[in-house]
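Novice: return atomic coordinates for the entry below.
(chains A and B)
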Amino acid sequence: MTPATTAPSEAAGRIHWFRYAAPQQFYPLAGKVLPCLWGLSALLAVAGLYVGLVLAPTDFQQGDSYRIIFIHVPAAWMSMLIYVVMAFWAGLGLVLNTRLSSMFATALAPTGALMTFIALWTGSLWGKPTWGTWWVWDARLTSELLLLFLYLGFMALQAASDDPRRADRAGAVVALVGVVNVPIIYFSVQWWNTLHQGSTINLTRAPSMATVMLWGLLLMVFAFWAYSIAAALHRVRSIILEREKGTEWVARLTETQ
Amino acid sequence: MTYWKSFSDFLAMGGYALYVWGSYAVAAAVIGLELNALRRRRQRARAEGAQWRALHGSES
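Specialist: This next block holds a predicted model:
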């Protein structure tokens, strides 16, 4: 399987998927998709915040402190998902030697780190009134903090190298080794005795949360998801311009300043 | 329709205002920082691209 550029177009109307493996082709495609994604994330966020903050009832046990869930859970899920996706692209770039794959990984890292920070911060503020503590070194919190360090380590390692391809490869090793942390975060509440509670939403049982609350949560999850994709696509476009600087197409593109 | 009886109730968040608004405000702030950083990075990338062209001219 080679990610080579365009195959000869014997059949007009066939989609040449590998066409978009070239930065020059992917750049305008991402540009077309971005406005929709930004708009979608804003819309979903407004809807989710309205449902979660204004419509949803209070919680019997936690009072209104539970409303932190509408930020905390989406951010936490994105922090894990983005890492896995980042590791996937970094691994692909390492194995197939495709530049754009590695650029995707580099583009995802800051957004992933942001999500991890938000999860940790909001989790801490939620923990204080409900558990009585800002922090505890239980399995979930500790492994989520480790995730933040992995993101930062990935970014620092890439920034430290002058040669972009070496930076890609070094980062890929960190990303791939660190991916084992994600299932640890996810299953930590089952495997160990943690202060962090177990899952409310899972694939096999009906959720044990009120419908309105669930709707607010799902809207916010999709809002965060759309936002993360938009941020990563926007960033990868800048990365493409940076790394393809000196090519004719970038020169043409940026001369209309 | 809405859960709250008044806007000041909404702001008070049942006594948990510090924790709830502290969470939402920081989340909004860091997202704002990211959006700003994204914009600045793009501006710089485009400027450097134009600069390169100005220095090296239009080679084919």
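Novice: how many residues are close by residue A:69?
Specialist: The number of residues packed near residue A:69 is 23, by other Cβ atoms under 10 Å in any protein chain shown. Placement of C-beta: from N, CA and C, glycine included.
Novice: excluding covalently adjacent residues, which one is nearest to it?
Specialist: Distances taken as Cβ to Cβ, 6 or more residues apart in numbering or on different chains put residue A:217 closest to residue A:69, at 6.5 Å, once the chain neighbours are dropped.
Novice: for the one you found, helix, strand, or coil?
Specialist: helix (DSSP: H, G, I helix; E, B strand; the rest coil).
Novice: how about low-confidence regions in chain B?
Specialist: Along chain B, the model assigns pLDDT under 70 to residues B:57-60.
Novice: which one of the residues in it is closest to chain A?
Specialist: residue B:49 (3.2 Å; Cβ to the nearest Cβ).
Novice: how near is residue A:33 to residue A:106?
Specialist: For residue A:33, the distance to residue A:106 equals 19 Å [Cβ to Cβ, to the nearest Å].
Novice: what segments of chain B are helices?
Specialist: Assigned by DSSP state H, chain B shows helices spanning B:7-12, B:17-56.
Novice: helix or strand for residue A:92, which one?
Specialist: Residue A:92 belongs to helix A:69-96 when elements are defined using DSSP states H and E.
Novice: buried sites along that helix?
Specialist: Counting neighbours by 16 or more other Cβ atoms under 10 Å in any protein chain shown, one finds that the buried residues in helix A:69-96 are A:69-83, A:85-94.
Novice: what does stretch A:41-59 give?
Specialist: Buried residues in stretch A:41-59, defined by neighbour count with 16+ other Cβ under 10 Å: A:41, A:44-45, A:47-49, A:51-53, A:56, A:58-59.
Novice: which neighbouring elements make contact with the helix or strand bottoming out on mean pLDDT in chain A?
Specialist: Lowest by mean pLDDT, DSSP states H and E among the helices and strands of chain A is helix A:248-255, with a mean of 87. Helix A:248-255 sits against helix A:211-243, helix B:17-56, with contacts defined as 3 or more Cβ pairs under 8 Å, 6 or more residues apart in numbering or on different chains; DSSP states H and E.
Novice: try 6 Å this time
Specialist: helix B:17-56 (3 or more Cβ pairs under 6 Å, 6 or more residues apart in numbering or on different chains; DSSP states H and E).
Novice: so the helix it packs on versus helix A:248-255, what angle?
Specialist: Per axes from the mean of the first three to the mean of the last three Cα atoms, to 10 degrees, the angle that helix B:17-56 makes with helix A:248-255 is 110 degrees.
Novice: and helix B:17-56, what does it pack against?
Specialist: Against helix B:17-56 (3+ Cβ pairs under 6 Å, 6+ apart) you get helix A:99-131, helix A:211-243, helix A:248-255.
Novice: and it, what's buried?
Specialist: For helix B:17-56, by 16+ other Cβ under 10 Å, it's B:19-24, B:26-27, B:30-31, B:34, B:38, B:41-42, B:45-46, B:49-50, B:52-53.
Novice: name the residue of chain A that lies nearest to chain B.
Specialist: With Cβ to the nearest Cβ, the shortest gap between chain A and chain B falls at residue A:254, namely 3.2 Å.
Novice: so that residue makes contact with residue B:48?
Specialist: No. Under the criterion of Cβ atoms under 6 Å, residue A:254 makes no contact with residue B:48, lying 8.0 Å away.
Novice: ok, the residue nearest to the spatial centre of chain B - contacts?
Specialist: Nearest residue to the geometric centre of chain B (Cα atoms, centre = their mean): residue B:32, 1.4 Å. In this structure, residue B:32 makes contact with no residue, judged by Cβ atoms under 6 Å, 6 or more residues apart in numbering or on different chains.
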